[in-house]
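In: got a structure for you, letters missing:
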Ligand code: GLU
Ligand code: MG
């Protein structure tokens, strides 16, 4: 992150990821930066009512009112696809009302509040990173590609430029993976703490897109690239830290490895997942991905090292020089790159905190395929099939999930997403895949 302000002529794009999952905002001129950091840039409230396709949903704000995107100067960084390319400066902002208060519909403020509650009430902080899978059009598909050196060789120039561009933006890549699906790539990143986790995810997506475009190609985070194809997830690996930054998630003597407080947190997420999955899997295609036997998450299950689980306990290894408590993390798999990372983390934290408040008992990890269980067995285990369409997930959220969000934010989200569903009605699968691939 740069330390001084931008030069006179430079432009900093100030914005945030909106309810449709798109980074939107306005460019601020360098000579106005200090003033804009106080005043912000004007933003009609109705602007947040856009579907990912940039169409305004019918809404009550209409042409009236003003909120302000106020830059968070510490987040200013640049998205420069090449070392000598011009790049674009960006900063994340909060949406504030005219009197400076956080606006109820601001996703970033929602997450900030949820994290503050977690820290105040439970003395815990969230650490984690999204592990994004995406499709890179520059990777010509050949049979036998998954995880092969051949595929890696063909993305190596893109990967080199991407890793460098991510570092310039303040995002540290961990590995580069030619993934299973045609044209699919995955680049896990180093975890961050708190609000920065979501900022890093938003930056990651924009840097990947910019670097792909610098090769004349496209990268897409759509959950499904082509009708019937393999999905792309944005698995969220997380752990909890205490107020002093020490790991608070691990207890090597418990059945799952989760500490008592973390077990309640995870049980809270698991219990509420069907209520809020519309937030974490927010597009029509997200539900093509959340199908059984697709290594995503079709049920609200907790399991140890099983990639069909919504919540997967990840392995720890002894003798690696890194304490097991530091390695230990849980992977939330029921989300993808069409989701707003601020809303995703906000609902996870609030559902987890509910679990802590209620002192929920640790869940037993499921050891079998939920598809093999009868309805009675599923009920007894408190396991349910997640909603199978976005429309159904939104109906469930409207009744059972909305109390996880401020009322205005929940209403706005439902309005935008229901407009999105309506706008895609009747589209053949190939056209649907192409539309989402183009915007995400
Ligand atoms: N592509 C799978 C998904 O849709 C995940 C595969 C993996 O475990 O990396 O989530
Ligand atoms: Mg993967």
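Out: In hand now; what should we look at? If you're wondering where the values come from, they're calculated on a predicted model, not measured in any experiment. Ligands and ions are numbered 1, 2, ... in the order given.

In: When you work out contacts or count neighbours from here on, use the C-alpha atoms and nothing else.
Out: Will do.

In: so where do the helices sit in the stretch 301-440 of the chain?
Out: For the stretch 301-440 of the chain, the helices defined by DSSP state H, counting those that start in this stretch cover 324-327, 341-357, 375-381, 390-396, 407-423, 429-439.

In: Tell me which of those helices sits most buried.
Out: helix 341-357 (a mean of 25; mean count of other Cα atoms under 10 Å).

In: re the thing from before, please tabulate the helices of the stretch 301-440 of the chain in CSV, including the columns distance to ligand 1 and mean pLDDT.
Out: Compiled in CSV, the helices of the stretch 301-440 of the chain are given as follows (distance: least, Cα to the nearest ligand atom, whole Å; pLDDT from 0 to 100):
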stretch, distance to ligand 1, mean pLDDT
helix 324-327, 18, 94
helix 341-357, 16, 98
helix 375-381, 23, 96
helix 390-396, 16, 98
helix 407-423, 21, 97
helix 429-439, 15, 95
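
In: so what's the residue lying closest to residue 129 once chain neighbours are set aside up against?
Out: Leaving out its chain neighbours, the residue that sits closest to residue 129 by Cα to Cα, 6 or more residues apart in numbering is residue 191, at 4.5 Å. Residue 191 makes contacts with 127-129, 197, as judged by Cα atoms under 8 Å, 6 or more residues apart in numbering.

In: Weed out the non-buried ones from the residues you listed.
Out: By neighbour count, with 16 or more other Cα atoms under 10 Å, those hold 127-129, 197 as buried.

In: of all those, which comes closest to ligand 1?
Out: Using Cα to the nearest ligand atom, residue 129 comes nearest to ligand 1 of these, at 14.4 Å.

In: Note down every partner strand of the strand or helix carrying the closest one and its orientation.
Out: For residue 129, the host element (DSSP states H and E) is strand 124-136. Applying DSSP bridges, strand 124-136 is found paired with strand 184-186 (antiparallel), strand 192-193 (antiparallel), strand 219-220 (antiparallel), strand 234-242 (antiparallel).

In: closest one to ligand 1 among those strands?
Out: strand 234-242 (6.8 Å).

In: residues making contact with the closest one?
Out: So strand 234-242 is contacted by 123-133, 247-249, 262, 328-337 (Cα under 8 Å, 6+ apart).

In: Just give the closest residue to the most centrally placed residue in the chain, not the sequence neighbours.
Out: Centroid-nearest residue in the chain, with Cα atoms, centre = their mean: residue 341, separated by 3.2 Å. With sequence-adjacent residues excluded and distances taken as Cα to Cα, 6+ apart, residue 341 is closest to residue 198, at 5.2 Å.

In: mind checking how far the one you found is from residue 112?
Out: Residue 198 sits 10 Å away from residue 112, taking Cα to Cα, to the nearest Å as the criterion.

In: who's more crowded, those two?
Out: residue 198 (25 against 18; other Cα atoms under 10 Å).

In: where does residue 20 land in three-state SS?
Out: coil (DSSP: H, G, I helix; E, B strand; the rest coil).

In: Who are the contact partners of it?
Out: Neighbour list for residue 20: 50-52, 339-340, 416-417 [criterion: Cα under 8 Å, 6+ apart].

In: check which helix or strand covers residue 160.
Out: Assigned by DSSP H and E, residue 160 belongs to helix 149-169.

In: Check what contacts stretch 198-211 and list those residues.
Out: Here stretch 198-211 makes contact (Cα under 8 Å, 6+ apart) with 17, 23, 79-82, 92, 129-130, 158, 161-162, 165-166, 169, 171, 192, 218-221, 341-342, 345.

In: Nearest spatial neighbour of residue 111, chain-adjacent residues omitted?
Out: Counting by Cα to Cα, 6+ apart, residue 346 is the residue found nearest to residue 111 once chain neighbours are left out, at 4.5 Å.

In: Pretty sure residue 118 is one of the things that neighbour touches, is it not?
Out: No: Residue 346 is beyond contact range of residue 118, at 10.5 Å (criterion: Cα atoms under 8 Å).

In: Quick check: residue 141 touching residue 185?
Out: No: with contact defined as Cα under 8 Å, residue 141 does not reach residue 185; the gap is 11.8 Å.

In: contacting residues around the spatially closest residue to residue 277 that is not a sequence neighbour?
Out: Using Cα to Cα, 6+ apart and skipping the chain neighbours, the partner closest in space to residue 277 is residue 393 (6.5 Å). Applying Cα under 8 Å, 6+ apart to residue 393 gives the contacts 274-278, 387.

In: Neighbour-wise, which one of these leads?
Out: Within the contacts of residue 393, most neighbours by other Cα under 10 Å means residue 278, with 32 neighbours.

In: Which pLDDT does the model give the residue of the stretch 301-440 of the chain found nearest ligand 1?
Out: Here the stretch 301-440 of the chain gets closest to ligand 1 at one residue, residue 307, 5.7 Å apart by Cα to the nearest ligand atom. On the pLDDT scale, residue 307 is placed at 94.

In: Could you do the one 4 residues further on as well?
Out: We have a pLDDT of 98 for residue 311.

In: Could you double-check that it sits in contact with residue 348?
Out: No: contact criterion Cα under 8 Å: residue 311 and residue 348 do not qualify, at 11.5 Å.

In: interface residues of this protein facing ligand 1?
Out: Within the chain, the residues that sit near ligand 1 (Cα under 6 Å from any ligand atom) are 231-233, 289, 295-296, 307.

In: at 8 Å what do you get?
Out: Residues of the chain lying close to ligand 1 (Cα under 8 Å from any ligand atom) are 133, 179-181, 223, 230-235, 289-290, 294-297, 307, 333-336.

In: Which parts of the stretch 51-200 of the chain are strands?
Out: 67-71, 77-79, 88-96, 124-136, 177-178, 184-186, 192-193 (DSSP state E, counting those that start in this stretch).

In: so which of those comes closest to residue 359?
Out: Residue 359 sits nearest to strand 124-136 of all the strands of the stretch 51-200 of the chain, at 15.0 Å, using Cα to Cα.

In: Start and end of stretch 190-199, how far apart?
Out: Termini of stretch 190-199 sit 13 Å apart (Cα to Cα).
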